[in-house]
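S.K.: how would this look folded up:
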Amino acid sequence: MAVSRREVATPDGTMEVFLQGPADGAPAPVVIMIPDAYGVRDTVLEMAGRLAAAGYLTAVPNIFHRSGPATTGHLEINFADPAQRARLGEVVGKATPAAVMADLGALLDVLASDPAAEAGPVGVIGYCIGGRMAFTAATAFGERVAAAASIHGGGLATEDPSSPYLAADGIRAEVYVAAARDDAHHTAADHARLLAALDEAKVDYTAEVLPALHGFAMVDFPVYDESAARRHWEMSLALFARTLRPAG
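M.R.: Okay, here's the model as predicted:
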């Protein structure tokens, strides 16, 4: 799939967005894909291409633009590299939930007037920190997000008073949560809190803990798990088909 690059004005500067659409060029439902802390790169754009091939206009925003432009291309991932870990801390620290929601609000406004985008609510999918942001987007943009998938997302339901599960009553979307086992970023206690909040808010959701480690969906991560990745694709594509293509 051909990738086009667009610049979106946000309250904190210009954010790059990478767009891919169906091969026929017809207007398509929108899915926003929010990457993990390593940001936009070949792996993420290839994943977005899979959604485009399934019939969606897929937008990958550089939510880490406050730390610099997107580093597209191939990236060697090494969790033990001190320089990489320091960089992750920097970019995540600047990409606060409030800042990213402002980014996504600006992106939604731009996409609403894009002739390649079908009118109506969008889908959102995110990985790791992007998983938290996808869930948060469902709470923040209740009428504009029809589906949200959080894949090995961290910080969804912690004891932090800013944790997004506390705003679950703002969700109007159908939600899919694919958690990882033994995940310090989303513990068993966090998962229980999340389910209780979603139940109380009467959210339509599916949540599961897959037998794989945090980061399982990213093919360039050393913890990539093919079976768990395949499961998240099956569930996410079915979610978007139900919510964004209900007549299909």
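S.K.: now the helices: where do they sit in the protein?
M.R.: Secondary structure of the chain (DSSP state H): helices at 42-53, 82-94, 97-112, 129-140, 188-200, 226-244.
S.K.: and these, which is most packed in?
M.R.: helix 129-140 (a mean of 28; mean count of other CB atoms under 10 Å). No exception for glycine: its C-beta is placed from N, CA and C like everyone else's.
S.K.: output the contacting helices and strands for it.
M.R.: Judged by 3 or more CB pairs under 8 Å, 6 or more residues apart in numbering; DSSP states H and E, the packing partners of helix 129-140 are strand 30-34, helix 97-112, strand 122-127, strand 145-151, strand 174-180.
S.K.: and that helix with strand 174-180, angle?
M.R.: 150 degrees (axes from the mean of the first three to the mean of the last three CA atoms, to 10 degrees).
S.K.: report pLDDT for the residue of the chain most remote from its centre.
M.R.: Ranked by distance from the centre of the chain (CA atoms, centre = their mean), the top residue is Pro82, with 25.6 Å. For Pro82, the pLDDT comes out at 88.
S.K.: return the distance of it relative to Leu88.
M.R.: For Pro82, the distance to Leu88 equals 11 Å [CB to CB, to the nearest Å].
S.K.: okay, now the unreliable bits of this protein?
M.R.: For the chain, the stretches flagged by pLDDT under 70 are 1, 246-248.
S.K.: how does it look with 50?
M.R.: Applying pLDDT under 50 to the chain flags the ranges 248.
S.K.: wait, what's in contact with Gly126?
M.R.: Going by CB atoms under 8 Å, 6 or more residues apart in numbering, Gly126 touches 33-35, 132-135, 149-151, 153.
S.K.: surely Ala179 meets Glu208?
M.R.: Yes - using CB atoms under 8 Å, Ala179 makes contact with Glu208 at a distance of 7.0 Å.
S.K.: who has more neighbours, these two?
M.R.: For Ala179 versus Glu208, neighbours defined as other CB atoms under 10 Å are more numerous around Ala179 (26 against 13).
S.K.: once you drop chain neighbours, what's closest to the more buried one?
M.R.: Distance criterion CB to CB, 6 or more residues apart in numbering; nearest residue to Ala179, sequence neighbours excluded, is Val209 at 4.6 Å.
S.K.: pretty sure the one you found sits against Arg181.
M.R.: Yes - contact criterion CB under 8 Å: Val209 and Arg181 qualify, at 5.9 Å.
S.K.: closest one to Thr96 out of the contacts of Gly126, please.
M.R.: Distance to Thr96 across the contacts of Gly126 (CB to CB) is lowest for Met133, with 10.1 Å.
S.K.: who are the contact partners of the closest one?
M.R.: Counting by CB under 8 Å, 6+ apart, Met133 makes contact with 34, 63, 95, 97, 100-101, 104, 126.
S.K.: switch the cut-off to 7 Å
M.R.: Residues in contact with Met133 (CB atoms under 7 Å, 6 or more residues apart in numbering) are 34, 63, 97, 100, 126.
S.K.: tell me the one of the residues you listed nearest Thr139?
M.R.: Thr139 lies nearest to Pro97 out of the contacts of Met133, by CB to CB, at 9.6 Å.
S.K.: so for that closest one, what's the nearest residue that isn't a sequence neighbour?
M.R.: Thr136 (5.2 Å).
S.K.: who are the contact partners of that neighbour?
M.R.: For Thr136, the contact set (CB under 7 Å, 6+ apart) comprises 97, 101, 164.
S.K.: test my guess that Val44 contacts Val60.
M.R.: Yes - if you go by CB atoms under 7 Å, Val44 and Val60 touch, sitting 6.0 Å apart.
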